[in-house]
Every structure is written in structure tokens, then in C-alpha cells.
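**Q** Sequence and computational prediction follow.
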Amino acid sequence: MAIIKWTPFLEPFEEMERFIEEGRGFSPAIDVYETKDDVVVEAPLAGVKPEEVEVSIENDVLTIKGGSKKESEVDEKNYYRKEVRSGSFFRSVALPAHVLGDQAKAESSEGMLKITIPKAPEAKPKTIKVNVKK
């Protein structure tokens, strides 16, 4: 026989908690790393159609947003645990280097989104000769 913790005050709030969870969406995990020439960002987006993902870069900040929908929804919800999420998602991250956002490339393969962004050439210090007026 399983022991189940009794929580007398949970029932009235279950509906409200479910509403908050569904409305909040989710934030995908990401990996960010640098190569010699690029900043690379990878995010697992299994179950998300690539055409429903929007990637933007502004002021060296990458933003990924989109949504996923469940194709079939079960009317009888006798879940023991529900961790698979659907709904909208949004993730924004500051990139570790100055990048050329207009040259970024994004590709999706087997549920993994990979964004490759070329690094901007480093600004070389400019030496200015001081002329002496007589």
C-alpha cells in the first residue's frame, strides 16, 4: 500500500495553479559557446516546429521565441505527473562577444536548434598623431 501525503488545502488551489502553469509557458535550456570565428547557441526544442521559432539578435542579445501545441489533448486528465509542456516560450541571453547579428544562421536538426553567429572583427586601437601648432 502506497503512502500518500494528505494536503487538505491543495484542492481549492489546484485549478489556479494549473492555470498559472499553462499561461506562463516555458523557457528552453541553452548552451552557448565560442569558436575562433563564431558564437554558437544550441537549444533543444523537441516537438517544436522550426517554422514556429523566431530568432532575433539586437545589441549582442539573442532572443529565441515561439510556441508548441499538443496535437491531441486527452479530456480525462488522470495524470500522475505532467511535465511535458506546450505553449509559448521565450529565452533571451546576452552573447559573450560582439557579433554580426545580420549574418547569423539558424538550423534545426532532430529537435536541436543551432544558431551560429559570426563574431565582429575586433576594433583595432587607432593611434592619432598630435600635431603641434606654432
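**A** Perfect, I can see it now.

**Q** where along this protein do the strands fall?
**A** If DSSP state E is used as the criterion, the strands of the chain fall at 31-34, 38-44, 53-58, 61-68, 87-94, 105-109, 112-118.

**Q** need the contact list for residue 66.
**A** 45, 48, 52-54, 88-89 (CB atoms under 8 Å, 6 or more residues apart in numbering). From N, CA and C alone the C-beta is placed, and that goes for glycine too.

**Q** Output the below-cut-off pLDDT ranges for this protein.
**A** Regions of the chain meeting the criterion pLDDT under 70 cover residues 1-25, 70-77, 82-86, 123-125.

**Q** Recalculate using a threshold of 80.
**A** Filtered on pLDDT under 80, the chain yields the residue ranges 1-26, 47, 68-87, 123-126.

**Q** The residue nearest to residue 48 when sequence neighbours are not counted: neighbour count?
**A** In space, and not counting its chain neighbours, residue 48 is closest to residue 68: 4.5 Å by CB to CB, 6 or more residues apart in numbering. Residue 68 is surrounded by 20 other residues when neighbours are defined as other CB atoms under 10 Å.
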